[in-house]
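# here is a sequence together with a model predicted from it:
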Amino acid sequence: MGKLITIDSYFKRKSSDTVENATQENNKRSKASTSENVQPQNQPQNPTEKHVSETPKLNTEEVGLISLERDPGKRKQMCKYPANKKEEVRLAYLNKGPFQIHLKTYPASAKDKQLHELNTRFSDEATGLLTLSSAVVPKKGTKTFDISKICHLVEKYYPADFTDQEIYRLRSELEIFSIDMQNNKKLKKASTIAELCRSLVKTQKRKTYYLFDRLIRLILTLPVSTATTERAFSAMKVCKNRLRNKMSDDFLADSLLVYIEKEIAEKIDSESVIEEFKSVKGRRAEL
């Protein structure tokens, strides 16, 4: 019997708790509704005033479509224009078309760099000597030499090997040799300078045209490669040996420069180099 009493009391207590919770929730809701009806003094009476104050004001200044900046780097961003002018600005840029930037100085392209390297590699003197070597052997379409061109190049590049009288004789030799070459089959077949030199020896006309033979031999003794390239390849074996075969290209180039230009490197004072590095920035340890 005592057990039934305890169960009844439990359910009564639970029902009373639910009623109290419901009344508390109703009181909270009623308080919230009354607070919403009472407007604070700081808030505006009209709800639209709050909306107007929060939205940013549009810049309604007129945009000069004629004086728009054409340069894309200096152009004003589209987001900075007023919303009602963006479409007009966009159409104005489309009507103006693409813009080509004109600079005072343009960076060198790959083709310009290659042309510069070729100009430094092959100087005017080397180009003139190549022209002379091609002028000595007549082409298939032409039957005679360009005698005036050959004599001019000889005066320019071989002034120590030919006197003024010999250059005058060379002109007459070339005139006679051009006629003799058309009648002689062995001389006519020569297509290179080396073959022409051999043909002069075989036909025993080397002594007859001794000035022309001297010119051919001088052209044949032109260096195939420059001395700086040969020195660089020979010095590379010394600088980049088995113990130092993992050095970078920059370090190898610097080492070769010091090794090749020994005369200049010997004049450099070590103390001046140390002072130069000291003046760049302060260091913890003294050099």
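Okay, I see it.

# now the one helix or strand Leu129 maps to: buried residues?
Using DSSP states H and E, Leu129 falls within helix 124-136. Of all the residues in helix 124-136, those buried under the rule 16 or more other Cβ atoms under 10 Å are Leu129, Leu132, Ser133, Ala135, Val136. (Each C-beta comes from the backbone N, C-alpha and C, glycine too.)

# same list (the residues you listed) but as TSV, adding distance to Met181 and pLDDT.
Formatted as TSV, these follow (distance: Cβ to Cβ, whole Å; pLDDT from 0 to 100):
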residue	distance to Met181	pLDDT
Leu129	22	74
Leu132	18	76
Ser133	17	75
Ala135	14	78
Val136	11	78
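
# in this structure, which spans are helices?
Listed in chain order, the helices of the chain (DSSP state H) span 2-37, 47-54, 86-96, 110-121, 124-136, 147-157, 164-183, 185-189, 193-202, 210-220, 227-239, 249-260, 262-266, 270-280.

# which of the ones you listed has the lowest mean pLDDT?
Comparing mean pLDDT across those, the weakest is helix 47-54, with a mean of 46.

# run a quick neighbour tally on Leu170.
Look at Leu170: counted by other Cβ atoms under 10 Å, it has 23 neighbours.

# how about it: what's its closest non-neighbour residue?
With Cβ to Cβ, 6 or more residues apart in numbering as the criterion, Leu170 has its nearest non-adjacent residue at 4.5 Å, and that residue is Leu211.

# what angle separates the helix holding Leu129 from helix 193-202?
On the basis of axes from the mean of the first three to the mean of the last three Cα atoms, to 10 degrees, helix 124-136 is oriented at 50 degrees to helix 193-202.

# residue contacts, the residue nearest to Leu170?
Counting by Cβ atoms under 8 Å, 6 or more residues apart in numbering, Leu211 touches Phe162, Glu166, Arg169, Leu170, Glu173.

# now do Asn119
Contacts of Asn119 (Cβ under 8 Å, 6+ apart): none.

# now for Leu174: which residues touch it?
Phe145, Ile147, Ile150, Cys151, Phe212.

# what is the nearest of those to Thr105?
Nearest to Thr105 out of the contacts of Leu174 is Ile150 (Cβ to Cβ; 42.0 Å).

# without its sequence neighbours, what residue ends up closest to the closest one?
Nearest non-adjacent residue to Ile150, counting by Cβ to Cβ, 6+ apart: Ala135, 5.3 Å away.

# same thing with Met236?
Using Cβ to Cβ, 6+ apart, the closest residue to Met236 is Leu256 (6.5 Å).

# how close does the one you found sit to Ala265?
11 Å (Cβ to Cβ, to the nearest Å).

# of the helices of the chain, flag the one that's most buried.
Greatest average neighbour count among the helices of the chain goes to helix 210-220 (a mean of 18), per mean count of other Cβ atoms under 10 Å.

# gap between that helix and the chain center?
From the chain centre to the centre of helix 210-220 is a distance of 45 Å (Cα atoms, centre = their mean, to the nearest Å).

# now stretch 86-96
Computed by Cα atoms, centre = their mean, the separation of stretch 86-96 from the middle of its chain amounts to 34 Å.

# go on, stretch 123-142?
Chain-centre distance of stretch 123-142: 35 Å, with Cα atoms, centre = their mean.

# stretch 76-83 too?
Taking mean C-alpha positions (Cα atoms, centre = their mean), stretch 76-83 and its chain are 35 Å apart.

# would you mind listing the buried residues in that stretch?
Buried, per 16+ other Cβ under 10 Å, within stretch 76-83: Tyr81.
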